[in-house]
Structures are given as structure tokens and as C-alpha cells.
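In: Pasted the sequence and its predicted model underneath.
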Amino acid sequence: MGAHKKLRQGQILKLIDAEQVSSQDELRRRLAHLHFRVTQATLSRDLHELGLVKTSEGYRQLATAAEDSHAMPPLARALREFLLDIRPAQNLVVLKTPPSGAQPLAAALDAERWSEVLGTVAGDDTVLIITATRQAAAKLRQRIEDLLR
């Protein structure tokens, strides 16, 4: 890893430890004040490499976010934190989230490796879950709703 990248990533960790950073754009601006000019793509890679996830309290390290969940399964925690609505659409299930909530929710869902899920596509505030059949979509929706209880 290059010295500049290592220094930049160290500054990112210091920033998120010191105060709440709620968006990549906010983080990019704070880095610019420290004379680190980064593109959104570079910042996205840095966040991924550092194991940072977005929570309702801003960016946090994955280990820290997991500790805060008090042993709650990651998907259950993500659903409670980000899910606003579930909408069935034939063999698809659409999950609505607040802005920037789709990525962490889709990642938590993918990590479960549920047999009903053929794949997920996450935008900014929408997760599209693809299943093989309408029955699989209905079963998946029920599993999600059960986790919310």
C-alpha cells in the first residue's frame, strides 16, 4: 500500500472516530480540509478496504457496529435499521430504505446465503431481490417479516 493511501486511510479512521460522518460527500469535504483530494470512487474503495459501514449514527468500523448490535444477527439489525417497506412483485421482492440504506441491507442479506435468493441489486434507497418463483418470493418476504418480530 502506498504511503499516501495509508495516510489518507488513517485520516479517514480518525475522522469517523472523532465525530459523526453521515455521508461520503461529507467525508470527502472533511478530507479536502486536510488537503486530501479524493474522488468518490477512491473514497468508496477506501471505505470498503477499511471495513467501514454506514449506520444511522454515521460511518463505523464493521467490528464496532457488530459489537453495538448486542449479538443481534446482522440481517435482523440491518432490517430494523434500514427497512421502510417490503413490496412483492411476482418473483421479486423490493425493499425500500432511507437514502444510502440499500447497500448495507443488501450486503447483510447476501451474507445470509438464503436459498430463496438468486441475487440482489442495490441502489441508493431500493434493494431488488430476485427469486426463482412467486412462492420463493412469498417465503422470503415471510422470513424477512419474521426477523422484524
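Out: Perfect, thanks for sending it.

In: in which helix or strand would I find the nearest residue to E112 once chain neighbours are set aside?
Out: Leaving aside its sequence neighbours, E112 sits nearest to L75 (CB to CB, 6 or more residues apart in numbering; 5.3 Å). C-beta here means a position set from N, CA and C on the backbone, and glycine is covered the same way. L75 is part of helix 74-82 when elements are defined by DSSP states H and E.

In: What residues of that helix count as buried?
Out: P74, L75, A76, R77, A78, L79, E81, F82 (16 or more other CB atoms under 10 Å).

In: Stretch 93-113 too?
Out: 93, 95-97, 101-110.

In: Go through those residues and say which is closest to D25.
Out: Q103 (15.1 Å; CB to CB).

In: I'd say the residue nearest to E112 and L109 touch.
Out: Yes - using CB atoms under 8 Å, L75 is in contact with L109, at 6.1 Å.

In: Let me see the domain layout of the protein.
Out: By the assignment in automatic domain parsing, the chain contains the domains 3-68, 74-147.

In: now, of the ones you listed, which is deepest in the fold?
Out: domain 74-147 (a mean of 17; mean count of other CB atoms under 10 Å).

In: pLDDT (mean, whole number) over that one?
Out: The average pLDDT for domain 74-147 rounds to 92.

In: for the helix holding L75, packing partners?
Out: In terms of contacts (3 or more CB pairs under 8 Å, 6 or more residues apart in numbering; DSSP states H and E), helix 74-82 is packed against helix 102-112, helix 134-147.

In: got a list of contacts for it?
Out: The contact list for helix 74-82, computed with CB atoms under 8 Å, 6 or more residues apart in numbering, reads 55-56, 66, 69, 72, 97-98, 101-102, 104-105, 107-109, 111-112, 144, 147-148.

In: Just want the angle from that helix to helix 102-112.
Out: Interaxial angle of helix 74-82 relative to helix 102-112 (axes from the mean of the first three to the mean of the last three CA atoms, to 10 degrees): 160 degrees.
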